[in-house]
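Undergrad: here is my input, please return the structure:
(one chain, ligands or ions: 1)
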Amino acid sequence: MIDRVIRMPPPVFTHPACLDHDPGPGHPESPARLEAILRRINETFPGTIREAEPAPLELIERVHPRSYLDYLAAFSASGGGPIDGDTVVTPSSWPAALGAVGAALAAVRHAHQANGAAFAAIRPPGHHALRETAMGFCLLGNAVIAAREAQALGREKVLIVDWDVHHGNGTQALVERDATIRFVSMHQWPLYPGTGRAEERGVGNVWNVPLPPGLPATRYVHELVTAIAKAIYGWVPDMVLISAGYDSMLGDPLGGFTLEPVHYADLVGALRAAAPGAPMAVLLEGGYDPRRIAEGVLATLGALL
Ligand SMILES: [Zn+2]
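TA: Below is the predicted model:
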């Protein structure tokens, strides 16, 4: 009991602008998602939420060309509009994107300095964003920008684990020719965006785990843990990033996986056992039932106590 009292959860970085981006009525990627998460964190782990600085463009330019950033900024400032059927930009979207990346960078820096863990409670999500193309609710590749920051801090070998129910096609596209980053994605198959076959191996640095919906939750945990073990066999990561999408939970309106909050705790525990000593930054991706995803995030934080 005393042990639980003195152990603190990792800091949760966010930015107020992340709550302002609103793709419109009925859109699943709503501000209510992050509101629910931050409310539950405040109730359960008061004092852990920290406000990050917006990301400077030069750090985002490690991943996206300046022309794309200028386009997004100008499109957002001029009122925005739909980029594709799913992805909507509004005047609040660009500040939200910069705030989201800023919180991801802050989480990486904290994890690096403390040799511990940090969480980034952010939106818009990032794992579908390509180098010069927004898609799937995502504008910027938050996880890959975070990975580049880890490398700039001397954490050369970065493992990115993506447990969102959708394939992290953007992350894969941005790292699949770079052996310094290894990417493991478990996702429902077939499902949006249609990539993520097991045969897609990059330069040997990509492990995709496509699975059907409706399996027992422990099967998903087992399959992802097995893929992580393969990915880090003989290769010790200097930093672990998690693209934490909670649309892999049972009942999510966009996915058919069956995870419960405890399974995210199991995955975090397995990752820490597999890569002991590697700092860990957890970045929010998808998840579309606000009440449920807040419980998933709490379980993740609880496993990082
Ligand atoms: Zn997703």
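Undergrad: hey, let's count contacts and neighbours off CA atoms from now on
TA: Will do.
Undergrad: show me which residues of the stretch 201-305 of the chain sit near the ion.
TA: Residues of the stretch 201-305 of the chain that fall close to the ion, judged by CA under 5 Å from the ion: Gly286.
Undergrad: nearest to the ion: which residue in the stretch 201-305 of the chain?
TA: Nearest residue of the stretch 201-305 of the chain to the ion: Gly286, at 4.3 Å (CA to the ion).
Undergrad: list the helices and strands whatever helix or strand Val101 lives in packs on?
TA: Element membership for Val101 (DSSP states H and E) is helix 93-114. Contacts defined by 3 or more CA pairs under 8 Å, 6 or more residues apart in numbering; DSSP states H and E place helix 93-114 against strand 12-14, helix 66-77, strand 117-120, helix 142-152, strand 280-284.
Undergrad: ok, the helix or strand following the longest one: who's next to it in the sheet?
TA: In other words, helix 66-77. Note on helix 66-77: by DSSP H and E, the next helix or strand toward the C-terminus is strand 81-82. Strand 81-82 pairs in its sheet with strand 88-89 (antiparallel), by DSSP bridges.
Undergrad: run the chain-centre distance for the partner strand.
TA: Mean-position distance between strand 88-89 and its chain equals 19 Å (CA atoms, centre = their mean, to the nearest Å).
Undergrad: which residues does that strand contact?
TA: Residues from elsewhere that reach strand 88-89 (CA atoms under 8 Å, 6 or more residues apart in numbering): 23, 75-76, 79-83, 137.
Undergrad: list buried residues within these.
TA: By neighbour count, with 16 or more other CA atoms under 10 Å, those hold 23, 75-76, 80, 83, 137 as buried.
Undergrad: report the two of these separated the most.
TA: Greatest spacing in these, by CA to CA: Phe75 and Phe137 (15.4 Å).
Undergrad: ranges for the helices of the stretch 101-250 of the chain?
TA: 142-152, 169-175, 217-231 (DSSP state H, counting those that start in this stretch).
Undergrad: now do the first one, average pLDDT.
TA: Within the predicted structure, the mean pLDDT of helix 142-152 is 99.
Undergrad: same check, this time on the second one
TA: With pLDDT averaged residue by residue, helix 169-175 scores 99.
Undergrad: which helices and strands sit right next to it?
TA: helix 142-152, strand 181-188.
Undergrad: which residues touch the residue of the stretch 201-305 of the chain closest to the ion?
TA: 29, 125, 164, 244-247.
Undergrad: now Ile60
TA: Applying CA under 8 Å, 6+ apart, the residues near Ile60 are 101, 145.
Undergrad: state the pLDDT value of it.
TA: Reported pLDDT for Ile60: 99.
Undergrad: what do you get for Gly85?
TA: In this model, Gly85 carries a pLDDT of 88.
Undergrad: how many residues are close by it?
TA: Using other CA atoms under 10 Å, Gly85 has 9 neighbouring residues.
Undergrad: confirm it sits in a strand?
TA: No. Counting by DSSP: H, G, I helix; E, B strand; the rest coil, Gly85 is located in no strand; its state is coil.
Undergrad: helix, strand or coil for Val297?
TA: Going by three-state DSSP: Val297 is helix.
Undergrad: how near is it to Arg197?
TA: Note on Val297: its distance to Arg197, by CA to CA, to the nearest Å, is 27 Å.
Undergrad: same drill for those two, tell me which one is more crowded.
TA: Val297 (25 against 16).
Undergrad: so what's the closest residue to Leu250 other than its chain neighbours up against?
TA: Spatial nearest neighbour of Leu250, excluding adjacent residues (CA to CA, 6 or more residues apart in numbering): Thr258 at 3.8 Å. Residues in contact with Thr258, defined by CA under 8 Å, 6+ apart, are 213-217, 248-251.
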